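Colleague: just need the structure, nothing else, for what follows:
(4 chains)
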Number of protein chains: 2
Amino acid sequence: MTPADPAPGAPATLRDVAERAGVSMATVSRVLADNYPVAQRTRQRVLRAIRELDYVANTHARALRGRGTPTVAFVLNDVRGASFAQVAHGVEEEAARRGRICLICTTQGDPERELSVVRTMREQGAGAVILIGGVVDDAAYREQMTGIAHSLDASGSRLVLCGRPPLGPDVPATCVEYDNEGGAYAVVSRLLAQGHRRILFLGADAEGTTTVAGRMAGYRRALADYDAPAEEGLVQRADFNRADAYERLRGRIRQGVDFTAVFAVTDIAAAGALAALTDSGLTVPDDVSLVGYDDVDPATDLRPQLTTVHVPYEELGRTAVRLALGLREGESSSAEQHALLGTHVVIRDSTAPAPVAR
Amino acid sequence: MTPADPAPGAPATLRDVAERAGVSMATVSRVLADNYPVAQRTRQRVLRAIRELDYVANTHARALRGRGTPTVAFVLNDVRGASFAQVAHGVEEEAARRGRICLICTTQGDPERELSVVRTMREQGAGAVILIGGVVDDAAYREQMTGIAHSLDASGSRLVLCGRPPLGPDVPATCVEYDNEGGAYAVVSRLLAQGHRRILFLGADAEGTTTVAGRMAGYRRALADYDAPAEEGLVQRADFNRADAYERLRGRIRQGVDFTAVFAVTDIAAAGALAALTDSGLTVPDDVSLVGYDDVDPATDLRPQLTTVHVPYEELGRTAVRLALGLREGESSSAEQHALLGTHVVIRDSTAPAPVAR
DNA sequence: CTGTTAGCGCTTTCAG
DNA sequence: CTGAAAGCGCTAACAG
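Modeller: Residues are numbered from 1 along each chain as shown, chains lettered A, B, ... in the order given. Next up is the predicted model:
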């Protein structure tokens, strides 16, 4: 074995390369960085040594020295959700375009774990930490997030809240929202304009996460504007998944159908709702109209096709990265550190005018 | 400003903490690691300084010194695919359970980018690099992967091929497959047993990726076993998405329906196929039977419900992590570095006996 | 053009 | 129990 060979099991180091090429470490470093004149012959020798030893630079040592590959951290509940996956894709895309690598971490909806993940990201030296998904917006949460925002800011990083309300004017955090409440208002208004008066809200959560709260606010505002009843009884709880939406609505229907339309809080819930309605012998939209929220791909296959609210999820992810990184690079100013993306209703076949008599 | 305060914009370092607490860096380090006796009073002082300075340890410096948070890298085409997202979830889960953080990277199906991502992961010092998704299994690919496997092995890491064929006995790589060909054989056999003879294969790709090739092999073997015609004309090309499957099948139907069943290469393709059949005035399963592959969640909403092949995607991800990390930790032996998970047919409502006459 | 040197922030012997 | 000091692998002055 050549003396310049690295120990087996351990990766080759810059020193190994230097020894094998018969040059100094600095020269190897310069060949790698390619930002300094190096003689052709020397460069060739170094490159050969690199190839022979299958050398790759150690990111950690680089990062320590200041020149680390800046990463973008993206924290979400669960990769399996279609809408969050879309945001993740937007983030990945924009991060890649800017030569950043992207770290995706999941929390399984546990705020505890969210904190620990953010901490890890800070240790990691991420250039931006993007958080997405609804949360329970209480004092404890705001305080904690504000702390994180300041910590991140102090380490030269940036907190981005995506699809969550802003923390306040003095908190150094970027906020990328979509018009959650407006989308709900628009889609429910449409139902009301079609003569529906009793509209079931399906998918209220016990905790009151921001996403659901916003959609419910839009629902309520629309009802108020049309003088429709806003009974507590028309708000139906359900967990954030298809199965629970199905079960809850089936149960509800068994106790009598006192509504002519259903506003499902997500397309996934709408899928469950559609099955529940159909399985109960109700026809959509003739007997009951149905609308969803999110406009995710899988909803394409619902029959009748679902009227829903389109959310620009991918754009949300791209914007988050753009603003956060742009800030450090002078592309965007701190005045632009709040974006509100529009939503719009997509009309398909799951709604019809309310039946005249029931 | 206290002299012990770190420069603004830069994170606090261990030295800052030490100065503020009036102890040596070593002591702080020991408090952090909690693996050495430290006097109660001293520990309290240190902890307070840590809190006051909002200190977090620098991962890179730690990694450099040997005690880095070992990461698991997961490389896939696109987070938006439901099946890959499931694998990703399995990986996340198992990695988290073992205290590893998980780095998810996407390649957009570009082999070039796959290589560069793997390289980055090696620089990063990932404990395992998990690759998933079909590939074109040619000599160039095998050679390249073999190289990567050896490189990773030499750096104390491990390459895991997930849902891809193994590279060979002498290549230090872990392989976690599912019975791709067997699943296709089983589901096509079922169609044949129901009297279907002319079964359209929908979703052949021009390149011949391993996933499609395996499913096609199962299809062919089943046809052969039942003496059914294996005409080239019954193999229909289509890209890996719903829209193309729809278009291709519509076009095909316009030229005449010379088949009684369709085997769609994925559930997503099946969704497109179902729409194409329905839009062409054909009833599933009365006129044409339809089967898919993957058993992903979104397929739940197809009507009629789709008969398909279940693939244990989440388990695939968990197994990948378990084997790769277990190897280094002595839990699994190198003999177990190949796993073949089973698949099975899930019978729902999209198939029926072949019509007697057409 | 190339080599020497001084750290980046942390852990870990080895001496108190 | 605590501190001093040596490096992990790399880059960036500073000298040749």
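
Colleague: dump the residue contacts of whatever residue of the stretch 101-250 of chain A ends up closest to DNA strand D.
Modeller: At 13.5 Å from DNA strand D, A:G125 is the closest residue in the stretch 101-250 of chain A, using CB to the nearest atom of the strand. (Glycine included, C-beta is placed from N, CA and C.) A:G125 makes contact with A:A63, A:G68, A:P70, A:T71, A:S155, A:S157, B:N58, B:T59, B:H60 under the criterion CB atoms under 8 Å, 6 or more residues apart in numbering or on different chains.

Colleague: okay, and which of those map to helices?
Modeller: Among those, the members found in helices (DSSP state H) are A:A63, B:T59, B:H60.

Colleague: residues near whichever residue of the stretch 251-358 of chain A sits closest to chain B, how many?
Modeller: For the stretch 251-358 of chain A, the residue closest to chain B is A:P298, as judged by CB to the nearest CB, at 3.4 Å. Neighbour count of A:P298, defined by other CB atoms under 10 Å in any protein chain shown: 22.

Colleague: what sits against it?
Modeller: Per CB under 8 Å, 6+ apart, neighbours of A:P298: A:A82, A:D267, A:I268, A:A271, B:A82, B:D297, B:P298, B:D301.

Colleague: 7 Å instead?
Modeller: For A:P298, the contact set (CB atoms under 7 Å, 6 or more residues apart in numbering or on different chains) comprises A:A82, B:P298.

Colleague: part of a helix, is it?
Modeller: Yes. Counting by DSSP: H, G, I helix; E, B strand; the rest coil, A:P298 is found in a helix.

Colleague: neighbours of the residue in the stretch 251-358 of chain A that DNA strand C sits nearest to, how many?
Modeller: The nearest approach of the stretch 251-358 of chain A to DNA strand C comes at A:R328, 17.7 Å away (CB to the nearest atom of the strand). Look at A:R328: counted by other CB under 10 Å, it has 14 neighbours.

Colleague: which residues in the stretch 1-150 of chain A form helices?
Modeller: Remark: helices assigned in the stretch 1-150 of chain A by DSSP state H, counting those that start in this stretch are A:14-21, A:25-33, A:40-53, A:59-65, A:82-97, A:111-124, A:139-154.

Colleague: so A:G272 is in contact with A:Q236, correct?
Modeller: No. Judged on CB atoms under 7 Å, A:G272 makes no contact with A:Q236 at a distance of 11.7 Å.

Colleague: who's more crowded, these two?
Modeller: Comparing A:G272 with A:Q236 by other CB under 10 Å, the one with more neighbours is A:G272, at 27 against 21.

Colleague: name the residues of the helix or strand that contains that one that are buried.
Modeller: Assigning secondary structure by DSSP states H and E places A:G272 in helix A:267-279. Buried positions in helix A:267-279, judged by neighbour count with 16 or more other CB atoms under 10 Å in any protein chain shown: A:D267, A:I268, A:A269, A:A270, A:A271, A:G272, A:A273, A:L274, A:A275, A:A276, A:L277.

Colleague: now those residues as a markdown table including pLDDT and distance to B:G147?
Modeller: Below are those laid out as a markdown table (pLDDT from 0 to 100; distance: CB to CB, whole Å):
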| residue | pLDDT | distance to B:G147 |
| --- | --- | --- |
| A:D267 | 98 | 44 |
| A:I268 | 97 | 43 |
| A:A269 | 97 | 48 |
| A:A270 | 98 | 49 |
| A:A271 | 97 | 45 |
| A:G272 | 97 | 48 |
| A:A273 | 98 | 52 |
| A:L274 | 98 | 51 |
| A:A275 | 97 | 50 |
| A:A276 | 98 | 54 |
| A:L277 | 98 | 56 |
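
Colleague: near DNA strand D, list only the ones from those.
Modeller: Checking those against DNA strand D by CB under 7 Å from any atom of the strand, not one of them is in range.

Colleague: between those residues, which is nearest B:V356?
Modeller: Nearest to B:V356 among those: A:A275, at 32.9 Å, using CB to CB.

Colleague: surely the closest one meets A:A245?
Modeller: No. Using CB under 7 Å, A:A275 is not in contact with A:A245; the gap is 8.9 Å.

Colleague: how about the strands in chain A?
Modeller: Using DSSP state E, the strands of chain A run over A:71-76, A:101-106, A:128-132, A:159-162, A:173-178, A:199-204, A:235-237, A:261-264, A:289-291, A:308-310, A:338-341, A:344-346.

Colleague: nearest to DNA strand C: which residue in the stretch 151-300 of chain A?
Modeller: In the stretch 151-300 of chain A, the residue that lies nearest DNA strand C is A:S155 (10.3 Å; CB to the nearest atom of the strand).

Colleague: so what's that residue closest to, chain neighbours aside?
Modeller: Leaving aside its sequence neighbours, A:S155 sits nearest to B:P11 (CB to CB, 6 or more residues apart in numbering or on different chains; 3.9 Å).

Colleague: that neighbour and DNA strand D: what is the separation?
Modeller: 16 Å (CB to the nearest atom of the strand, to the nearest Å).

Colleague: just A:P355 next, same as before
Modeller: Distance from A:P355 to DNA strand D, by CB to the nearest atom of the strand: 71 Å.

Colleague: same check on A:T59?
Modeller: According to CB to the nearest atom of the strand, A:T59 stands 8 Å off from DNA strand D.

Colleague: is it true that that residue touches B:Q124?
Modeller: Yes. Between A:T59 and B:Q124 there is a contact under CB under 7 Å: 4.9 Å.

Colleague: any low-confidence regions in chain A?
Modeller: Scanning chain A for pLDDT under 70 picks out the ranges A:1-9, A:67, A:357-358.

Colleague: quick check, the residue in it closest to DNA strand D?
Modeller: Closest point on chain A to DNA strand D, by CB to the nearest atom of the strand, is A:L14, at 2.8 Å.

Colleague: hmm, A:S24 and that residue touching each other?
Modeller: No. The criterion here is CB under 7 Å, and A:L14 misses it with A:S24 at 10.1 Å.

Colleague: if you count surrounding residues, which of those two has more?
Modeller: A:L14 (17 against 12).

Colleague: now do the contacts for the residue of chain A closest to DNA strand D.
Modeller: Here A:L14 is in contact with A:M25, A:V28, A:S29 (CB under 7 Å, 6+ apart).

Colleague: look at the last one and say how many residues are nearby.
Modeller: Summarising burial for A:S29: neighbours were counted as other CB under 10 Å, giving 16.

Colleague: if anything else comes up later, I'll come back, but that's it for now.
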